[in-house]
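1. pasted the sequence and its predicted model underneath.
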Amino acid sequence: MAKHVIASVREFPADTRKLVEVKGRQIAVFNIKGEFFALANRCPHQGGSLCEGRLTGLVEASEPGQYRYSRRGEIIRCPWHGWEFDVRTGKSYCDPARIRARQFAVSVAPGATLVEGPYVAETFPVRIEDDYVVVDV
Amino acid sequence: MTASWSTIDCDVHVNVPSMQALLPHLDDHWRDHVVDRGMNSLESMNYPPNAPLTARPDWRGKAGAPADTLEALQSHALDRWSIDVAICNCLYGVQLLYSEDMAAAFAKAVNDFVAKEWLDRDARLRASIVVPMQNTDFAVAEIERCAADRRFVQVLVLAMGEMPLGRRQYWPVYAAAERHGLPLGIHAGSSFRHPVTSLGWPSWYAEDYAAQSQGFQTQVASLVCEGVFVKYPKLKVVLLESGVTWLPAFLWRLSKFWRGVRLEVPWLDRSPADIVRDHVRLTIQPFDAPDDPAEVARLIEHMRSDDMLLFSSDFPHWQFDGDDVFPAGIPQQLHGKIRRDNALATYSRLAAQAA
């Protein structure tokens, strides 16, 4: 595992997402209300690109006709077949014990610490005064 | 008494021999009405009298009319196969009527006829309550009226009615059924409000009968997706004369699509296949299986449950020859469950009577 700088926080505003490639892996990174989450960009069902899915909330019900809607924007639905995955855990709704999208740890680090390493930032320069999104891969 | 019951037949048919037989069970208004209007029969075309399926040749009476005497039921089925308990499902045209009032009157007449002419005359017999689903209040009232008689062990509706059975307007029927420990029995047949296929009317009887399983599929999907089993967790549904082998493939399909659009039905907190295994039961005639016993055994494995199948002869319908009520290939170790245990787990009234 190594920490990879994938973007500056300034260029990755809230409620956007980025598809990045790290060590040959496609990774979907989401900024949800200022929190960052990273999932393998491959739906465990048949490989759909999760980064292209629709973010929705968690719909639950205690009985028919009751709709309890929470965690708006924290559930990603695969664009191919609509399977739901919890962005925070990668777990599927339909079969959380067995089917999950691979999750990667994400953190935000100040540029001052990144310059010292051991971080990998091949694609753009790191500036001391900015904060950066870092993914463990 | 449990030990003395070894075989429970969950689907035998008793027929109304003629309108005359029902007249004593109608009140004065309806009796005169029926006579004055010249209503001779409410037989539907679900089972045309001369269709081969309607009665096995060796079970047809002198006039060719099947299953209209107790003696025939006893000698051809109950005694012959040592059946300890048999649930009578009377298929008469009650569900076809357009008048809600007339449907209620005939449902009552049929249920009273069954109680008096059949249940009273053989202690082995139980019956399903025919309900007028044309009007939910009337259906509930008929359940309440009949439920006091513990020999009524189930509520009976047809596979193809006016609307999908999961719709909420029917829910009071399921509340009443659950309250009284009565499974909902869904029997093959149509009230002919709609064509028997979703594409329109087929030309021939084989198409019609084969299409029944599509009706059952739609009802299973409706009951599950509308959340009937979430609302009524103790309710059991028995598919009668539905065929069996279509079920696993249909559950794969339904569960697969649930995964993609489950947020439309968030009250389902698990796969439709799991819900169906907990709540839905099927009678074994017809089974719709290939002749090869090994293939039948594999089909049974696809059910992924030993609890779902209930013994039935479907007397007098012609589903098998001789005494082969059990399709070849059903594993021997399941026979006891299918003959008795699964029925006792499904019909709480039978379990209470067996205890």
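-> Cool, the structure landed.
2. can we go C-alpha only for contacts and neighbour counts from here?
-> Will do.
3. can you point out the buried residues in stretch B:314-323?
-> B:D314, B:F315, B:P316, B:H317, B:W318, B:Q319, B:F320 (16 or more other CA atoms under 10 Å in any protein chain shown).
4. what residue is smack in the middle of chain A?
-> Centroid-nearest residue in chain A: A:A38, 2.7 Å away (criterion: CA atoms, centre = their mean).
5. so where's the chain uncertain?
-> Defaulting to chain A. Counting by pLDDT under 70, chain A has low-confidence residues at A:117-118, A:120-123.
6. to clarify, I was referring to chain B.
-> Residues of chain B meeting the criterion pLDDT under 70: B:1-3, B:63-65, B:67.
7. can you pull the residues of it lying near chain A?
-> Within chain B, the positions near chain A by CA under 8 Å from any CA of the partner chain are B:226-228, B:230-231, B:259-263, B:265-267, B:270-271.
8. now list the buried members of the residues you listed.
-> Buried among these (16+ other CA under 10 Å): B:226-228, B:230-231, B:259-260, B:262-263, B:265-267, B:270-271.
9. ok, and what's touching the longest strand seen in chain A?
-> Criterion DSSP state E: the longest strand present in chain A is strand A:68-77. Contacts to strand A:68-77, defined as CA atoms under 8 Å, 6 or more residues apart in numbering or on different chains, come from residues A:32, A:50, A:53-61, A:83-88.
10. buried ones in that strand?
-> For strand A:68-77, by 16+ other CA under 10 Å, it's A:G73, A:E74, A:I75, A:I76, A:R77.
11. B:K256 in helix, strand or coil?
-> helix (DSSP: H, G, I helix; E, B strand; the rest coil).
12. adding secondary structure, write the buried ones among the residues of chain B next to chain A out as TSV.
-> Shown next, in TSV, are these (three-state DSSP):
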residue	secondary structure
B:E226	coil
B:G227	coil
B:V228	helix
B:V230	helix
B:K231	helix
B:R259	helix
B:G260	helix
B:R262	helix
B:L263	helix
B:V265	coil
B:P266	coil
B:W267	coil
B:R270	coil
B:S271	coil
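13. which of these lies closest to B:L22?
-> Nearest to B:L22 out of those is B:V228 (CA to CA; 34.2 Å).
14. skipping adjacent residues, who's closest to the closest one in space?
-> Excluding the flanking residues, the one nearest B:V228 by CA to CA, 6 or more residues apart in numbering or on different chains is B:G166, at 6.2 Å.
15. ok, the one you found - contacts?
-> Per CA under 8 Å, 6+ apart, neighbours of B:G166: B:Q219, B:S222, B:L223, B:V224, B:C225, B:E226, B:G227, B:V228.
16. how far away is the second one from B:D68?
-> Spelled out, that is B:S222. Remark: distance between B:S222 and B:D68 (CA to CA, to the nearest Å) = 34 Å.
17. now B:Q20, what's its secondary structure?
-> B:Q20 is classified as helix under three-state DSSP.
18. what about it, neighbour count?
-> Using other CA atoms under 10 Å in any protein chain shown, B:Q20 is surrounded by 14 other residues.
19. the closest residue to B:G336 other than its chain neighbours - how many residues pack around it?
-> Distance criterion CA to CA, 6+ apart; nearest residue to B:G336, sequence neighbours excluded, is B:S6 at 7.6 Å. Using other CA under 10 Å, B:S6 has 15 other residues around it.
20. so B:S6 sits in a helix?
-> No: when classified by three-state DSSP, B:S6 is found to be coil rather than part of a helix.
21. correct me, but it touches B:D84?
-> Yes: counting by CA atoms under 8 Å, B:S6 touches B:D84, with 6.7 Å between them.
22. quick check: the residue nearest to B:G336 vs B:L309, distance?
-> Distance from B:S6 to B:L309, by CA to CA: 15 Å.
23. try B:A297
-> From B:A297 to B:L309 the distance is 13 Å (CA to CA).
24. looking at the two now, which is surrounded by more residues?
-> Per other CA under 10 Å, whichever of B:A297 and B:L309 has more neighbours is B:L309, with 25 against 15.
25. for the residue nearest to the centre of chain A, which non-adjacent residue is closest in space?
-> Here the residue nearest A:A38, using CA to CA, 6+ apart, is A:V29, at 4.3 Å.
26. need the contact list for the one you found.
-> A:R17, A:K18, A:L19, A:V20, A:F36, A:F37, A:A38, A:L39, A:C51.
27. pretty sure the second one belongs to a strand, no?
-> It refers to A:K18. Yes: under three-state DSSP, A:K18 sits within a strand.
28. give me the neighbour count for residue 66.
-> Reading this off chain A. By other CA under 10 Å, the burial measure for A:Q66, its neighbour count, is 13.
29. my question was about chain B, not that one.
-> Neighbours around B:P66, by other CA under 10 Å: 26.
30. tally of neighbours for the spatially closest residue to it that is not a sequence neighbour?
-> In this structure, B:P66 finds its nearest non-sequential neighbour in B:R60, 4.8 Å apart by CA to CA, 6+ apart. As a burial measure, B:R60 scores 16 neighbours (other CA under 10 Å).
31. now do B:S198
-> So B:S198, with other CA under 10 Å, has 11 neighbours.
32. any idea how far B:T245 is from it?
-> Relative to B:T245, and taking CA to CA, B:S198 is found at 21 Å.
33. what does B:L156 give?
-> The value you get for B:L156 to B:T245, if CA to CA is used, is 22 Å.
34. who has more neighbours, the two?
-> Set B:L156 next to B:T245 and count neighbours by other CA under 10 Å: B:L156 wins out with 24 against 20.
35. residues in contact with B:W5?
-> B:D84, B:V85, B:R340, B:A354.
36. give the buried subset of those residues as a PyMOL selection command.
-> The PyMOL command for the buried members of the contacts of B:W5 (criterion: 16+ other CA under 10 Å) is given here:
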select buried, chain B and resi 84+85+340
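37. and for the biggest helix by length in chain B, what are the contacting residues?
-> What stands out as the longest helix in chain B, according to DSSP state H, is helix B:205-225. Helix B:205-225 is contacted by residues B:159-160, B:164-167, B:188-189, B:196-197, B:202, B:229, B:239, B:242-243, B:246-247, B:250, B:254, B:265, B:268, B:272, B:275-276 when judged by CA under 8 Å, 6+ apart.
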